[in-house]
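Peer 1: quick one, structure for this:
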Amino acid sequence: MGLISGHGHRSGNRALKSSLAELIVGILRERYSDFGPTLAAEKLRSQHNIVAAKETVRPLQIASGLWIPRKLHPPKIHRPRVRRNYLGSLFISMAASIADLRIGGPACAGRLRTHLMTDGSAPASILAEHSDLSHLTPA
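Peer 2: Numbering: from 1, shown residues only. Sure, this is the predicted structure:
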């Protein structure tokens, strides 16, 4: 047979008194029902002179239904992204850059070629088609 604690049914020395817990939950329900544990603990300290750590406030909020832990939140459902419907739409955002290339000369064309090859977003067929950008130099 093991040792039996003489502590019996008494609560621990560091346990929160039930009257203080009820007071905290009452204040949280009345004024801070939509606050998370951290901000609620700060408001209790600054507005009501009740010093309670966020780790103390969190279980009180969970037990009273004022806060739901992230693990228990329902999963977010994201709509699928609309895909491009044609191959050339990749370069629509670069239309202004190509207009600048006609003015800027070979140095700008080299920068676009480098961007197309290092970005990785351009398919091989488009890279092959646009690998020679000499036609963009000014006349």
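Peer 1: do you know how far residue 64 is from residue 55?
Peer 2: Distance, residue 64 to residue 55, using C-beta to C-beta, to the nearest Å: 16 Å. Using the backbone N, CA and C atoms, a C-beta is placed for each residue, glycine as well.
Peer 1: brain fart, residue 26
Peer 2: Distance, residue 26 to residue 55, using C-beta to C-beta: 20 Å.
Peer 1: kindly report the domain assignment for this structure.
Peer 2: 18-72, 87-136 (automatic domain parsing).
Peer 1: out of those, which gets the lowest mean score?
Peer 2: Sorting these by mean pLDDT places domain 87-136 lowest, at a mean of 52.
Peer 1: residue ranges of the helices in the chain, please?
Peer 2: Along the chain, counting by DSSP state H, helices occupy 18-31, 37-48, 54-64, 95-104, 106-119, 124-129.
Peer 1: got the angle between the third one and helix 37-48?
Peer 2: The reference is to helix 54-64. If you take axes from the mean of the first three to the mean of the last three C-alpha atoms, to 10 degrees, helix 54-64 sits at 100 degrees to helix 37-48.
Peer 1: start the count at 35 instead of 1 going forward.
Peer 2: OK, 35 is where the count begins now, so the last one is helix 88-98.
Peer 1: what helices or strands is helix 88-98 leaning on?
Peer 2: Applying 3 or more C-beta pairs under 8 Å, 6 or more residues apart in numbering; DSSP states H and E, we find helix 88-98 packed against helix 52-65, helix 71-82.
Peer 1: single out the most deeply packed of those.
Peer 2: Among those, helix 71-82 has the highest mean neighbour count (mean count of other C-beta atoms under 10 Å), at a mean of 16.
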